[in-house]
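Asks: Return atomic coordinates for the entry below.
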Amino acid sequence: MKLLTVNLSPGCYKKAVVLPGVSLLARLIARVRESTGRSLYRQLQARLSGAQRDQLDALLVASPGERLTPLEVLRTSPTRVSAPALVAALRRLDQIRAVGVSTVPVQDLPEARLARLARHAQLAWAQPLGRLGEERRHATLLVFVQTLERTATDDVLDLFDNLMTTLALRGETRRRRERLRTLKDLDAAALVLQQAVQLLLDDGVPAASLRQQVLDTVGEAQLRAAAEVVQHLASDEDPALQVLSGSYASVRRFLPALLAGISLQGTPSAQSLLAAWHFLQAQEAGGRCRPKWAAAPRAVVPKSWARRVFSAKGEVNPQAYTLCVLDRLHQALRRREVFAPASERYGDPRAELLRGEA
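Replies: This is a model prediction of the structure:
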């Protein structure tokens, strides 16, 4: 207010206008802001149908026997990292979308004023919101529900990220424990193979009798057993596959809800991953148009996963394919190659870039 008075003084002096007092100036500014606010409320309410207004009002009314209103329930973010928590977060997102105001256009209105309305609805109790004027109440709830949908989408993707990380850590712990348990067998097999390799590298052993001497020294049965142990215990597979290989049961608990509840887009480099994601969605939807696993997009599967995902006959292992797609999705979300349009933190990273000629 002081700064405004200082800036106003030179103009008043030049035009021989008596400088208004601070209190008068404050009342004038308050009337202008109130008029601007009412105009914003009217514009927002005019974009709502009668059914949408009723849906917004219903958020402030608690059901019989319930202590909290639907608005207060929907404002509660998930607090645990687990498959049931992710399913509950997706159910919450569906309930927010069911209000039916996601597509109401507000992009042409001032973002700062919309953000203030959303913050007010986030912090206020349902009763004070219900006592607001009709125009302001509907405008506030409209902006808040749209903001809440974006933050709820963020919550879902945060949970997915944390849950995949947790599953990977559990799998890594299990893999290391198994590795320690088999380390003794691997060492014994390595010592047997070492004897055979030393004979192969010995220049004093004639090439014609090399194989027979290796078999006589080490023993054919012992050599074959050592080779089988190394083949079984040593692997060149992707570490992610090794740590996630036992996690399909946990993934299956949230996968149907995740496929149905999240819409994803991506950069050109992520199109193969999106094709695999849409294939899994079609698989989960079922019905007569359900695609066969033989038609699954293969470009998303790296070489390190190929041996586990595709059998010798080229058939697809559904569990391994699903884990592969989810692991790639987890990495792509972190790199922002894949994004959710209705999201704050996981939105399109190119949205704020300048386009066209400079």
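
Asks: For Val300, which non-adjacent residue is closest in space?
Replies: Nearest non-adjacent residue to Val300, counting by Cβ to Cβ, 6 or more residues apart in numbering: Ala276, 4.2 Å away. In this view, the C-beta of every residue, glycine as well, is placed from N, C-alpha and C.

Asks: chain center to stretch 333-352, what's the gap?
Replies: Computed by Cα atoms, centre = their mean, to the nearest Å, the separation of stretch 333-352 from the middle of its chain amounts to 9 Å.

Asks: tell me which element the residue most central in space within the chain falls in.
Replies: Nearest to the mean C-alpha position of the chain, by Cα atoms, centre = their mean, lies Leu157 at 2.4 Å. Using DSSP states H and E, Leu157 falls within helix 134-201.

Asks: For the chain, name the helix or strand with the lowest mean pLDDT.
Replies: helix 239-244 (a mean of 56; mean pLDDT, DSSP states H and E).

Asks: can I get the CA coordinates of the very next helix or strand once past that helix in CSV?
Replies: Downstream of helix 239-244, the first helix or strand assigned by DSSP H and E is helix 248-261. Output of helix 248-261 as CSV, limited to C-alpha atoms (Å, rounded to 0.1, in the frame of the first residue of the first chain):
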residue,chain,number,x,y,z
TYR,A,248,4.6,-60.6,-10.3
ALA,A,249,2.1,-61.6,-7.6
SER,A,250,2.6,-58.2,-6.0
VAL,A,251,2.4,-56.4,-9.3
ARG,A,252,-0.8,-58.2,-10.2
ARG,A,253,-2.6,-56.7,-7.2
PHE,A,254,-2.5,-53.2,-8.6
LEU,A,255,-1.9,-53.7,-12.3
PRO,A,256,-5.6,-53.9,-13.4
ALA,A,257,-6.5,-50.6,-11.6
LEU,A,258,-3.3,-48.9,-12.9
LEU,A,259,-4.0,-49.9,-16.5
ALA,A,260,-7.6,-48.7,-16.3
GLY,A,261,-6.9,-45.5,-14.3
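
Asks: between helix 248-261 and helix 134-201, how many degrees?
Replies: 140 degrees (axes from the mean of the first three to the mean of the last three Cα atoms, to 10 degrees).

Asks: In terms of secondary structure, what does helix 248-261 contact?
Replies: Here helix 248-261 touches helix 83-97, helix 134-201, helix 271-285, helix 318-335, going by 3 or more Cβ pairs under 8 Å, 6 or more residues apart in numbering; DSSP states H and E.

Asks: hmm, who's touching that helix?
Replies: For helix 248-261, the surrounding residues in contact (Cβ atoms under 8 Å, 6 or more residues apart in numbering) are 83-84, 86-87, 90-91, 93-94, 156, 160, 163, 167, 277, 280-281, 284-285, 319, 322-323, 326.

Asks: remind me which residues of this protein are low pLDDT?
Replies: 1-9, 11-13, 17-37, 171-183, 232-246, 312, 354-358 (pLDDT under 70).

Asks: okay if I get the helices and strands packed on helix 248-261 as JSON lines plus distance to Ala118?
Replies: As requested, the helices and strands packed on helix 248-261 are arranged in JSON lines below (distance: least, Cβ to Cβ, whole Å):
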{"stretch": "helix 83-97", "distance to Ala118": "13"}
{"stretch": "helix 134-201", "distance to Ala118": "4"}
{"stretch": "helix 271-285", "distance to Ala118": "30"}
{"stretch": "helix 318-335", "distance to Ala118": "25"}
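
Asks: Distance of Gln198 relative to Ala226?
Replies: 14 Å (Cβ to Cβ, to the nearest Å).

Asks: more crowded one of the two?
Replies: The neighbour comparison of Gln198 against Ala226 (other Cβ atoms under 10 Å) goes to Ala226, with 23 against 13.
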